[in-house]
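Chemist: Show me the folded form of this:
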Amino acid sequence: MILGGAVLFVIAFLTSLVGTFLARRYARRLGLMDDPGHRKVHTVATPRNGGIGIFWGFAVPLLFGLLNLYFTVEERGELFGSHLKIDQRLIQGMKAHALLLGVFLAAAFLIHLLGLLDDRKAMAPWPKLLAQLAIAAALVIAGEFVDPLKGGAFRILTSLGFVPSALISIFWIVALTNAFNFLDNMDGLSAGVAFICAFTFLIAALGIALAWLLFRRHPELPGRIASSIAPVYRLLLNKYYVDEIYGALFVRGLTLGGGKSLYAVDRYLIDGGDGEVRFGLGVNGLGWLVREGVAKTSDFFDRWIVDGIVNGVAAVFDNLSYLFRSLQNGLVQHYALSMLIIILFMIGIGSRFIL
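Modeler: Coordinates of the predicted model:
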């Protein structure tokens, strides 16, 4: 599998190299040169047909692999005669999808050809857009008939149903196609972005190949490697301890610890105790102090001092009133007797001072 991938990589590299060389050599003869202008960054005439090397460097390895599928011996799992061994299930799966790959390459070639015609002689925007929509629509619809998984090979958001999914997929394909086309106003920008994208796919492919080598071809190697570099293995196994560090710093640290700190500040400083279980001069503490100290003192002063004096004087006069009420009964003889007693009392007191 690794050898087969290496072969396809060499084919793609050589095809792109030769295609770019030929495109550059014959660009002027084919009328595919882009002359400098006031809205362009290049100062010398630049070939417009560099996409030839890119497209064929992509398409030739796929065509090569597609054609050689029919020279594969499924019973022995041999590809290209007896030189490359490959899993029989993979061979069957690739053959089942061969027609789907052919449809995809045909649509990609039509888009490529449309771009070359536009580079040679600028097309009007609407005809070019309609042609792109037609090619994308043909690709999406054809995928419904040749897909071995019963449709949806070139559609996204398939859960929306065929019509919404197909429309979104067509416009998505056209949008991606023109995204690279818009980048092509700067020399090398489109190729640079394509290189970065291809490089990420290369890293993914190398990861897949390495996983196959370690876990399918030599399953004893992962354990031996893990034992030989145990610290590195544990570091990778625990994902650089990012979750543990995050949990210690933020979950148990800032979040839980900060929550407890804020709770303590709220409970002991802001609320400030209740005067019984915990003490403090916060809201609850001051409330308790006012209730137990100021309010009860004020209540005692008001009840026993202010109200006590007023109520005491009133009680004295109230009780004396019963005595005077018994004397003032409306009988003249009682009044005369009272006056006589007072006169005699006054005479008696006066005689003591006179004598």
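
Chemist: got any ranges where the stretch 251-355 of the chain has weak pLDDT?
Modeler: 271-282, 285, 323-332, 352-355 (pLDDT under 70).

Chemist: try 80 this time
Modeler: 251-294, 303, 306-308, 315, 317-339, 342, 345, 348-355 (pLDDT under 80).

Chemist: Show me where it has its helices.
Modeler: 256-264, 283-289, 296-300, 307-327, 332-354 (DSSP state H, counting those that start in this stretch).

Chemist: export those helices to JSON lines and tack on mean neighbour count?
Modeler: C-beta coordinates here come from the backbone N, C-alpha and C atoms, glycine included. Output for the helices of the stretch 251-355 of the chain, formatted as JSON lines (neighbours: other Cβ atoms under 10 Å):
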{"stretch": "helix 256-264", "mean neighbour count": "11"}
{"stretch": "helix 283-289", "mean neighbour count": "17"}
{"stretch": "helix 296-300", "mean neighbour count": "11"}
{"stretch": "helix 307-327", "mean neighbour count": "10"}
{"stretch": "helix 332-354", "mean neighbour count": "10"}
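
Chemist: Pull the contacting residues for L114.
Modeler: 128, 131-132, 135 (Cβ atoms under 8 Å, 6 or more residues apart in numbering).

Chemist: From those residues, pick the one nearest G308.
Modeler: Q132 (102.4 Å; Cβ to Cβ).

Chemist: ok, that closest one touching L176?
Modeler: No. Q132 is not in contact with L176 according to Cβ atoms under 8 Å; the separation is 10.6 Å.

Chemist: By mean pLDDT, point me to the weakest helix or strand of the chain.
Modeler: In the chain, no helix or strand scores lower on mean pLDDT, DSSP states H and E than strand 78-79, which sits at a mean of 51.

Chemist: I'd like to check which residues are in contact with T15.
Modeler: Applying Cβ under 8 Å, 6+ apart, the residues near T15 are 53, 56-57, 60-61.

Chemist: Unless I misread the structure, it falls within a strand.
Modeler: No. Going by DSSP: H, G, I helix; E, B strand; the rest coil, the assignment for T15 is helix, not a strand.

Chemist: I'd like to know how far it sits from F9.
Modeler: 11 Å (Cβ to Cβ, to the nearest Å).

Chemist: circling back: for the helices of the stretch 251-355 of the chain, give me TSV that also has distance to K95.
Modeler: Listed next are the helices of the stretch 251-355 of the chain as TSV, based on distance: least, Cβ to Cβ, whole Å:
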stretch	distance to K95
helix 256-264	58
helix 283-289	79
helix 296-300	96
helix 307-327	108
helix 332-354	142
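
Chemist: Of all these, which one is nearest F162?
Modeler: helix 256-264 (50.7 Å).

Chemist: Not counting the closest one itself, show me its contacts.
Modeler: Residues contacting helix 256-264 (Cβ under 8 Å, 6+ apart): none.

Chemist: Alpha carbons of that helix, in CSV - could you do that?
Modeler: Extracted C-alpha coordinates of helix 256-264, given in CSV (Å, rounded to 0.1, in the frame of the first residue of the first chain):
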residue,chain,number,x,y,z
LEU,A,256,-14.3,26.3,41.8
GLY,A,257,-11.7,28.2,43.9
GLY,A,258,-12.9,31.5,42.6
GLY,A,259,-16.5,30.5,43.4
LYS,A,260,-15.6,29.5,46.9
SER,A,261,-13.7,32.8,47.3
LEU,A,262,-16.6,34.8,46.0
TYR,A,263,-18.9,32.8,48.3
ALA,A,264,-16.7,33.6,51.3
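
Chemist: ok, back up a step: higher neighbour count, Q132 and L176?
Modeler: Q132 (21 against 11; other Cβ atoms under 10 Å).

Chemist: Could you measure from the nearest residue to the more buried one once chain neighbours are set aside over to V140?
Modeler: Counting by Cβ to Cβ, 6 or more residues apart in numbering, V174 is the residue found nearest to Q132 once chain neighbours are left out, at 4.9 Å. From V174 across to V140, the span is 11 Å (Cβ to Cβ).

Chemist: more neighbours, the two?
Modeler: V140 (24 against 17).

Chemist: Next up, the contacts around that one.
Modeler: So V140 contacts 154-155, 166, 169-170, 173 (Cβ under 8 Å, 6+ apart).

Chemist: ok, now with 10 Å
Modeler: By Cβ atoms under 10 Å, 6 or more residues apart in numbering, the contact set of V140 is 107, 152-156, 162, 165-170, 172-173.

Chemist: swap in M33?
Modeler: Here M33 is in contact with 27, 44-49, 119 (criterion: Cβ under 10 Å, 6+ apart).

Chemist: how about a cut-off of 6 Å?
Modeler: For M33, the contacting residues are 27, 45, by Cβ atoms under 6 Å, 6 or more residues apart in numbering.

Chemist: pLDDT score assigned to it?
Modeler: Model confidence at M33, given as pLDDT, is 74.

Chemist: Any idea what it is bridged to?
Modeler: On the basis of DSSP bridges, M33 is bridged to P47.

Chemist: gap between it and V10?
Modeler: 31 Å.

Chemist: returning to that earlier point: so among the contacts of T15, where is pLDDT lowest?
Modeler: G53 (82).

Chemist: For it, give its distance to L63.
Modeler: Counting by Cβ to Cβ, the gap from G53 to L63 is 16 Å.

Chemist: Those two: which is more packed in?
Modeler: Remark: of G53 and L63, G53 carries more neighbours, 20 against 14, as counted by other Cβ under 10 Å.

Chemist: returning to that earlier point: secondary structure element holding the residue nearest to Q132?
Modeler: helix 162-183 (DSSP states H and E).
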